[in-house]
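>>> Next comes the sequence, and after it the predicted model I'd like to discuss.
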Amino acid sequence: MKKLALILSLVIAANTQVLAAKERGGLAAAGSQGAAQEVSSTVNINSADAKELSRVLVGVGAKKAEAIIEYRQKFGPFKSANELTAVKGIGQKTVDKNKSKIKL
């Protein structure tokens, strides 16, 4: 009985760590196959919807994703990833963190 309780505690702790890693925007430390897929995802900033932008880009939530789309609609397609810094709320650090994930 004690062994079963210990096993259940370990499973719950592992799941908690995976969920926490997912919320932080990456699963590399979690060690699952899904982790490699999520971390290696890319997104086309000229065609992706807000949900996809916020899912793939680290530090970009729903509001910033909507701001990217509004900027794109107003000024046309992005010519470079660095142009994202013109979007309110997105700085160079955010762009640098996401360079490998951004496609044009």
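Received it, and whenever you're ready, just let me know what you need.
>>> For this structure, which residues score under the pLDDT cut-off?
Applying pLDDT under 70 to the chain flags the ranges 1-11, 13-40.
>>> which stretches of this structure form strands?
Ranges of strands within the chain are 43-44, 102-103, based on DSSP state E.
>>> Name every strand pairing with the last one and say which way it goes.
Each strand that strand 102-103 pairs with, and the sense of that pairing, follows from DSSP bridges: strand 43-44 (parallel).
>>> Now mean neighbour count and distance to residue 81 too, for the strands of the chain, in TSV please.
Yep, even glycine has a C-beta here, placed from its N, CA and C like the rest. What follows is the strands of the chain, written out as TSV (neighbours: other Cβ atoms under 10 Å; distance: least, Cβ to Cβ, whole Å):
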stretch	mean neighbour count	distance to residue 81
strand 43-44	18	11
strand 102-103	16	4
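>>> Among those strands, single out whichever gets nearest to residue 50.
Residue 50 lies closest to strand 43-44 among the strands of the chain, at 11.0 Å (Cβ to Cβ).
>>> dump the residue contacts of the closest residue to residue 48 other than its chain neighbours.
Excluding its sequence neighbours, the residue lying closest to residue 48 (Cβ to Cβ, 6 or more residues apart in numbering) is residue 56, at 7.7 Å. Shown in contact with residue 56 (Cβ atoms under 8 Å, 6 or more residues apart in numbering): 41, 42, 43, 48, 98, 101.
>>> and if you look at residue 101?
The neighbourhood of residue 101, defined by Cβ under 8 Å, 6+ apart, consists of 41, 42, 43, 56, 57, 58.
>>> Residue 95 too?
Applying Cβ under 8 Å, 6+ apart to residue 95 gives the contacts 81, 82, 84, 85, 102.
>>> rerun at 6 Å
81, 82, 84, 85 (Cβ atoms under 6 Å, 6 or more residues apart in numbering).
>>> How much space separates the last one from residue 52?
Spelled out, that is residue 85. Distance of residue 85 to residue 52, computed by Cβ to Cβ, to the nearest Å: 20 Å.
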